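In: I'll drop the sequence and a predicted model, then ask my questions.
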Amino acid sequence: MNNAGQSYFGKLADSYDRLQPIIAGPHYSTGIDTIVKLIAYGAGDDFRVVELGCGTATISDRILNAFRTAHVIAVDTQPEMLVLAAAKITSHGCRAKIVEANLLDYEIPECDIVISSFALHHLSPQDLQQLLIRARESLSTDGYLFVMDSMRMDHNWNKHIARLNRTLNEAHVRSCIDVGDTSEQEIADRWAFKRSMKEAGKDVEYKHRVEDYYQCFGKAGFGECAVVWRTFSITIMVAAGSSCGDDS
Ligand SMILES: C[S@@+](CC[C@H](N)C(=O)[O-])C[C@H]1O[C@@H](n2cnc3c(N)ncnc32)[C@H](O)[C@@H]1O
């Protein structure tokens, strides 16, 4: 079968939850824990979250479990991922909604928190900028946007640090193989699949840097933005407020 004829995430969906925490490095799961901890609401508070590029909705599910009256809309373009997302979050009833939509033109409904994890590197710089504008417009006055993704910092980040990061990730994969969570063959197949999808133009990725995000947040009209957590390239940024209004 020619893998390149299928959608990248559609083909990966069934193994995604098991393999992503292995492939994405040791800090992917810690980053997800951190995003949930960064939500500045009490367990019984009523607030609205939109997760963009939710995949199998791991973060949405974690939020729905941790905050018993929060409402979450989980958005993705891949039906195969959304089937798994639905299996996780539909038990939360009307607090959870799955939306199949493309982030390029999705009108984000009014909400208190927008979250996106490991999805925005699939958007071109222009599309990222437009999405961030829509995200800011959708947020309530005290709302926040959290972005977690692999982001480089140009400043003093070069081959030695890149190699250290790679070595750390390889050691993590090796330890997962050693305990039987995956196999060398499965990892090799996964990378080969990724390469074939890249060659076919079906897994397009952009290397947005932290500096690019600062610029985009500013242009989108956010009043404030900051890196609030990072381990090597995996970074969480928060953006809030408005550069137009007085929200002192
Ligand atoms: C690497 S997965 C991340 C999934 C999940 N957020 C996580 O942290 O594990 C990227 C997800 O973004 C989705 N995605 C990429 N481009 C998209 C777009 N233009 N519109 C909607 N979803 C998109 C993919 O379908 C995929 O489910």
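Out: Great, that's in hand.
In: give the contact list for the residue of the chain found nearest the ligand.
Out: Distances between the chain and the ligand by Cβ to the nearest ligand atom are smallest at residue 55, namely 2.5 Å. In this view, the C-beta of every residue, glycine as well, is placed from N, C-alpha and C. Residue 55 sits next to 9, 16, 20, 76, 78, 81, 85, 118-119 when contact means Cβ atoms under 8 Å, 6 or more residues apart in numbering.
In: So it belongs to a strand, correct?
Out: No. Counting by DSSP: H, G, I helix; E, B strand; the rest coil, one finds residue 55 to be coil, located in no strand.
In: And it, what's its pLDDT?
Out: Note for residue 55: predicted pLDDT of 97.
In: From the rest of the structure, what touches the biggest helix by length in the chain?
Out: The longest helix of the chain (DSSP state H) is helix 159-178. Defining contact as Cβ under 8 Å, 6+ apart, one finds that helix 159-178 is touched by 22-23, 25-26, 182-184, 187, 232-233.
In: now do 6 Å
Out: Contacting residues not belonging to helix 159-178 are listed as 22, 25-26, 182, 184, 187, 232 [Cβ atoms under 6 Å, 6 or more residues apart in numbering].
In: what bits of this protein have low per-residue confidence?
Out: Within the chain, the set of residues satisfying pLDDT under 70 comprises 1-6, 245-248.
In: just the residues of the chain that are near the ligand, which are they?
Out: Contacts of the chain with the ligand, taken as Cβ under 6 Å from any ligand atom, map to 9, 20, 53-55, 58, 76-78, 81, 102-104, 117-119, 122.
In: Show me which of these are buried.
Out: Buried by 16 or more other Cβ atoms under 10 Å: 9, 20, 53-55, 58, 76-78, 81, 103, 117-119, 122, out of the residues of the chain next to the ligand.
In: Mind telling me the two of the residues you listed farthest from one another?
Out: Across those, the longest distance by Cβ to Cβ is 18.9 Å; it joins 20 and 103.
In: rewinding a little: tell me which of the residues of the chain next to the ligand fall in helices.
Out: Using DSSP H, the residues of the chain next to the ligand in helices are 9, 20, 58, 81.
In: Could you dump these into JSON lines and include distance to residue 136?
Out: Supplementary listing: those in JSON lines, determined by distance: Cβ to Cβ, whole Å:
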{"residue": "9", "distance to residue 136": "26"}
{"residue": "20", "distance to residue 136": "28"}
{"residue": "58", "distance to residue 136": "25"}
{"residue": "81", "distance to residue 136": "26"}
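In: Where do the helices of the chain begin and end?
Out: Under the criterion DSSP H, the chain contains helices at 8-23, 27-37, 58-66, 79-89, 125-138, 159-178, 184-199, 210-220.
In: Which residue is the nearest non-sequential neighbour of the spatially most central residue of the chain?
Out: Compute the mean C-alpha point of the chain, and by Cα atoms, centre = their mean the closest residue is residue 117, 1.1 Å away. Distances taken as Cβ to Cβ, 6 or more residues apart in numbering place residue 148 nearest to residue 117, at 4.4 Å, with adjacent residues excluded.
In: again, but for residue 96
Out: Spatially, and ignoring its direct neighbours in sequence, residue 96 is nearest to residue 89 (4.0 Å; Cβ to Cβ, 6+ apart).
In: swap in residue 150?
Out: Counting by Cβ to Cβ, 6+ apart, residue 150 lies nearest to residue 233, which is 4.4 Å off, once chain neighbours are set aside.
In: Angles on the backbone of that neighbour, please.
Out: Residue 233 has phi and psi values of phi -80, psi -20 when expressed as degrees, to the nearest 10.
In: Can you name the residues that contact residue 143?
Out: Going by Cβ under 6 Å, 6+ apart, residue 143 touches residue 112.
In: Just give me the longest strand of this protein.
Out: Using DSSP state E to define each element, the chain has its longest strand at strand 139-150.
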